[in-house]
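> Starting from these lines, generate the structure:
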Amino acid sequence: MAFEEIYALYWQKIFRLCMGYVNDSESAQDLAQETFIIVWQQLPKFRNESSIGTWIFRIASNNCLRQIEKEKRFAKTDLPINLEEKKQESLESEIQLLYKFISELPETDRIIISLELEEVKQAEIANIVGLSESNIRVKIHRIKEKLTQKFKEHGTY
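Next comes the predicted model:
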């Protein structure tokens, strides 16, 4: 698979994964771009031991975790919402709120739910984060419960 195809196929997914970590559009774009620089540099060394998607998500997750370690804090307030139509406002604000709630989760939970939202198979998620598939199923259920509770507390669910 050519790099251009990989980029086109995975850019949005990787960007959303990064948003789950940093909850800031500009930082997420930077992290996604850095991820694809690494992918481009390492693509000749890719050995097909896992799917290309699993490999890219692993690179993105590691890249985000390194950035978090550097900063040791996240932007959890002042969410930028640029709306052009009032109809989009409700959906956009709920999506921003979801990213805010995800960014407040522990690191492992953030990656698990972000990959789940990208419809990555649970077996691949288990491979990426180094947990068993049954553990991933339990964690996803618990994370969804936490997020639902946060929406209830916020009064939007």
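> Against which helices or strands is the helix or strand harbouring Lys70 packed?
Applying DSSP states H and E as the criterion places Lys70 in helix 52-71. Contact here means 3 or more C-beta pairs under 8 Å, 6 or more residues apart in numbering; DSSP states H and E; on that basis helix 52-71 packs against helix 3-22, helix 25-42, helix 107-117, helix 122-129. Bear in mind the C-beta positions are built from the backbone N, C-alpha and C, glycine included.
> Could you dump the ones you listed into JSON lines and include distance to Ser93 and mean neighbour count?
Below are the helices and strands packed on helix 52-71 laid out as JSON lines (distance: least, C-beta to C-beta, whole Å; neighbours: other C-beta atoms under 10 Å):
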{"stretch": "helix 3-22", "distance to Ser93": "15", "mean neighbour count": "18"}
{"stretch": "helix 25-42", "distance to Ser93": "14", "mean neighbour count": "17"}
{"stretch": "helix 107-117", "distance to Ser93": "18", "mean neighbour count": "21"}
{"stretch": "helix 122-129", "distance to Ser93": "28", "mean neighbour count": "19"}
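> For those, give me a markdown table that also has distance to Glu49 and mean pLDDT.
A markdown table is the format used below for these (distance: least, C-beta to C-beta, whole Å; pLDDT from 0 to 100):
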| stretch | distance to Glu49 | mean pLDDT |
| --- | --- | --- |
| helix 3-22 | 17 | 89 |
| helix 25-42 | 13 | 91 |
| helix 107-117 | 18 | 88 |
| helix 122-129 | 10 | 88 |
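> Many thanks, have a good one.
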